[in-house]
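Undergrad: the following block contains a protein sequence and its predicted model.
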Amino acid sequence: MNKMLVKRGMAFMLAGAVTLGLTACGKPAGNTGNATNSNAAGTASAGAGQPVELKFSHIWGGAVDPFTPAAKKVIDDYQKANQNVKITVDTNENEAYKTKIKAMAGANELPDLFSTWGGGFSKPFIDSNSVLAIDSYITEETRSKLVNGAFNNLTYDGKIYGMPFFLAAGALFVNSELFEKNSVKIPATYEELLTAVKAFKSKGITPMAVSGKDKWTIAMYFDVMALRAAGPDKIVKTLTKQGSFKDPEFLNAAQRFKELIDAGAFSKGAAGVSNDEAEVPFYDGKVPMMFKGSWAAGKADAKDSKVAGKIKVISFPAIPNGVGNAKQFTGGAVDAVMVSANTKNKDEAVKFQMYFAENFAKESYLAGASMPAWKSEGVDESKLPATLVEVVNLTKDAEGFTIWWDTLLAGKDTETYLNALQELFMGTKTPEQFVDSLQTMYGK
Amino acid sequence: MSRITAVSGSKRSVSSILMYVFLILVAFVQLFPLYWMFTFSLKDNSELFGENPIGLPTKWLWSNYSNALMGGNVGHYFLNSVIVTGATILLTVIMSVMASYALTRMVFKIRRQMNSFFILGLTVPLHSALLPIFIMLRSLRMVNSYWALIIPYSAFAIPMAILIFSGFMASLPRELEEAACIDGCSIYRIFFSIILPLMRPAIATVTIFTFLQAWNELMFAVVFISDVRFKTLTVGIQSLAGQYTTDWGPIGAGLMVATIPTLIIYAFMSKKVQDSLVVGAVKG
Amino acid sequence: MDRVLSNKKAIIFFLFPALVMFIAVIIIPIVMSSYYSLQDWSGFGKGTFIGFANYKGLISDPIFIKAAINSLILAAASVFIQLPISLFLALVLAKGVKFEKSFVTIYFIPVIISTVVIGQLWMKVYNYDYGILNLLLRSIGLDSWTQEWLGDTKQALGATFIPIIWQYIGYHMLLLYAGIKSISTDVFEAAVIDGSSWWNTSLKITIPMLKPVLNVSVIFAVTGALKVFDLVYVLTGGGPAHASEVIGTYMVSTIFKGNQYGYGSAMAIFVILECFVLSILVGFLFREREGAER
């Protein structure tokens, strides 16, 4: 799991909402770099109460990461408005953080607040009563500001445990310049996709970027193909162990994926390269297609990007005999901030949690780094990176979002899935053997 | 030591030329990572991953260094690493060289077993010990302090150091102590003024190895320290990585900066290892 | 003499500090890990006691068995490939070549370079498209020999082990070099007077006298290999399809990705026992030989 949880950090059922937010942005936003302070920092007891220290561990501290200044600004603003609150921040690298936060939970040493991921990752934290349920703090007003389904991955046994901020959607990023140059049609159907793959392949161009070593990037492709084959309901049911991977839809998805692989969609050396490395040829304009989460948009539009203005974002086409359609997306709202059940300042911690989630969502959106899980009003779309806006537009009329498999599944099942998928990718497992392996999640 | 090679002849010189060619070739291979890390620190991702993975950078991105240095409190992290590593080396060397003396030279019943007992320390996988050590540090109220790192680093270095010291002590002739004993020296005098000076090459070796371990350790440093006041350099460099994509150049620059002190310490200590011969180690 | 050396107070004085630290940080965690290994525990909250079920699970877990075998292969390669190279270099350098000090310094460099850099470097060597290895093969017309190396289940294990073995050659070289330097020079002088060749001196005098240090080196090589994690993790993550899985990588993914702390602890205890038994065995073999020669 892992990298992916993070890397795709976002998303879920929503869409209409973002649309709403964006269309409402007619209002002059004024200062873009300076988010909305409207619902700001200390609506309630500004600067009054007892001095409180809140410890907050998170993952937004990278030197060149657009989230770093966004997180810092939100935390600073809050402290300015609430003079009695001191927030002690601990920033960590993403992968190491996952080990750290688990060890902290195991040693009963969790900070007051911590960033985490919904679905399978946080489940053991909740099961061990390490996290505060926040249902009673969530007002109707708060709910109305969030996109539909924003809590879906943060609800365990009917209770809400975390506040989301990002929304992510899987999409096919295509380099329109490469398509034009090689007179290949940007695919609208699965047949056209297959044709495009073969056309590029015959010209010696690797059609699609993937890292076979960072398994979650393979899952990006397979998750959406399975969604096309089986439709959202069946996927969720089967992953929550109320169905069977032996149903023909899953075999269909695996066979189609195999078809793409056999058509030469991916580079021969892909199995040995990491994601950072696998993405480079796409961003250098040498590989025409990449299926990734919406966060990939930010990089396509970065200052020194070699593909700026050339990237189009399309939905993965429907596949033959599939129940799903191209308006269903993979993704959802996954990244979240949670409050430790052991915190000494429950109310203060939750108050900051709410503030942080909402404003971090906005700041990150303004920075062009991610779609928000909060309805954003008063954002000047024209100042946002074009590719991110494309993703937003693409997902406007989405029917729904289905969470990535490795995010929904927990612990060992995630490993089972990703390992079996890697073998399918490498050809050491046939599609039939692949679905058999998946079925082992149900026990023998 | 030229006296051995001095036994010459024309065959000798051919073989010695071959030997130098071999040594120099090996030297190139061993130097390559240093050169490569330097070029790495001046490139961007597209050069690094495909366009120009091995050669000199086409554009020398010195900005990687300013990104690496300005992003964090590098100076502060650096100082923390120096404190933690220095204390670890000191503790490790003192405790281990003392223990090794007892374990190799002194006479007591369970000496053999004690020797084996310390080997256990080499066998523990760090990852599985993470949580137990965390819990222990927490109960001692040491989380988020220099001790949270110094203590585990020293403890994990002790078995290695004891083995190295014991290995070296085993090759010291016993006559030295016996002579001292006849002169009526106390055990402490024997240890501090006879044995300890002879252990210089071993101490230098242990210092190098302990330095490497403590300076580069990452997992304990990430997990046991959440307070920015005590974070170490490797953690600082690691946090240069972004959430979604990683810009490798600044990481290369950070690693370059972190490696320089290692090189200096190593060059200095390895000279100590070599000097010991000149000092005349054990001239019976 | 013996009276001085069996001074109880002195023994305690010398041993006590190391012992306290060792018990607190090494022994207690071993005991705790053994306790976890008897539980079905996620690493969070409370576990349930399940006796030796985790250990039974290990024996019937094909991935674990593969990982254990791979780790043993690495240990063997370290002892029989890496150490002889290190020993050879140490002997050559210690006999006194020109620029001896520079060579010793240079040969150690890979050890001090961060695993991240070493990993990235070897990925450049192995890359299918632009890797040095494949470029080399193509340039001499051996196109058919080009491989995916790290991405191919048949090559991945070897391709992962080569960098690990290479990186630590300098480590053992330094240890052995320091060992040789500590041997009394009189011994060598005597040998030279006898007209013994360098090769002979090495075989008959240096190596036997180096035994205590060689013993240490072998123990380090074996325990290091059985616990290896970092470079495998960077290069392949144990993949593809578990081809380069070692106990270290499998244990870490079991504990921290699979949330099976109990099962992972059983692996840790296995490693501890395996390392311990082999180290004692190595020590025994070295003593035996010593004894036999006397």
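TA: In hand now; what should we look at?
Undergrad: can you list the buried residues in stretch B:136-154?
TA: Using 16 or more other Cβ atoms under 10 Å in any protein chain shown as the test for burial, stretch B:136-154 gives B:136-138, B:142-154. C-beta here means a position set from N, CA and C on the backbone, and glycine is covered the same way.
Undergrad: who touches the closest residue to C:Tyr171 other than its chain neighbours in this structure?
TA: Nearest-residue entry for C:Tyr171: C:Val111, 4.8 Å, with adjacent residues in sequence omitted and distances by Cβ to Cβ, 6 or more residues apart in numbering or on different chains. C:Val111 makes contact with B:212, C:167-168, C:170-171, C:174, according to Cβ atoms under 8 Å, 6 or more residues apart in numbering or on different chains.
Undergrad: need the max-distance pair from those.
TA: Taking Cβ to Cβ as the measure, the contacts of C:Val111 span a maximum distance of 13.0 Å, between C:Gln167 and C:Leu174.
Undergrad: was I right about B:Tyr266 contacting C:Thr105?
TA: Yes. Applying Cβ atoms under 8 Å as the test, B:Tyr266 and C:Thr105 come out as touching, 7.1 Å apart.
Undergrad: that older thread, nearest to B:Val107, of the contacts of C:Val111?
TA: Nearest to B:Val107 among the contacts of C:Val111, with distances taken as Cβ to Cβ, is C:Leu174, at 32.3 Å.
Undergrad: tell me how many other residues surround the closest one.
TA: 27 (other Cβ atoms under 10 Å in any protein chain shown).
Undergrad: can you point out the helix or strand that includes it?
TA: C:Leu174 belongs to helix C:169-182 when assigned by DSSP states H and E.
Undergrad: can you tell me the average pLDDT over the next helix or strand along the chain from that helix?
TA: Scanning forward in sequence from helix C:169-182 by DSSP H and E, the next helix or strand is helix C:185-193. Summarised as a single mean, pLDDT over helix C:185-193 is 70.
Undergrad: pull the helix or strand with minimum mean pLDDT from chain B.
TA: helix B:2-5 (a mean of 44; mean pLDDT, DSSP states H and E).
Undergrad: which of the helices and strands in chain C ranks last by mean pLDDT?
TA: helix C:185-193 (a mean of 70).
Undergrad: cool, chain A as well?
TA: Ranked by mean pLDDT, DSSP H and E, the helix or strand of chain A with the weakest confidence is helix A:16-23, at a mean of 35.
Undergrad: mind listing residues that contact the very next helix or strand once past that one?
TA: Downstream of helix A:16-23, the next assigned helix or strand under DSSP H and E is strand A:52-58. If you take Cβ under 8 Å, 6+ apart as the criterion, strand A:52-58 is touched by A:71, A:75, A:84-92, A:97, A:100-101, A:104, A:111-115, A:337, A:343, A:345, A:348-349, A:352, B:226.
Undergrad: hmm, back to that, the residue nearest to C:Tyr171 and B:Gln213, how far apart?
TA: C:Val111 sits 11 Å away from B:Gln213, going by Cβ to Cβ, to the nearest Å.
Undergrad: can you list the residues of the stretch 1-150 of chain A near chain B?
TA: A:6-7, A:9, A:55, A:57, A:59-65, A:67, A:88-94, A:96-97, A:99-100, A:103-104, A:106-109, A:111 (Cβ under 8 Å from any Cβ of the partner chain).
Undergrad: dump the residue contacts of the residue nearest to A:Ala420 when sequence neighbours are not counted.
TA: Once flanking residues are discounted, A:Ala420 sits nearest to A:Ser437: 3.8 Å by Cβ to Cβ, 6+ apart. By Cβ under 8 Å, 6+ apart, the contact list for A:Ser437 reads A:416, A:419-420, A:423, A:429.
Undergrad: dump those residues into CSV; add neighbour count and secondary structure as well.
TA: Below are the contacts of A:Ser437 laid out as CSV (neighbours: other Cβ atoms under 10 Å in any protein chain shown; DSSP: H, G, I helix; E, B strand; the rest coil):
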residue, neighbour count, secondary structure
A:Thr416, 17, helix
A:Asn419, 20, helix
A:Ala420, 24, helix
A:Glu423, 20, helix
A:Lys429, 21, coil
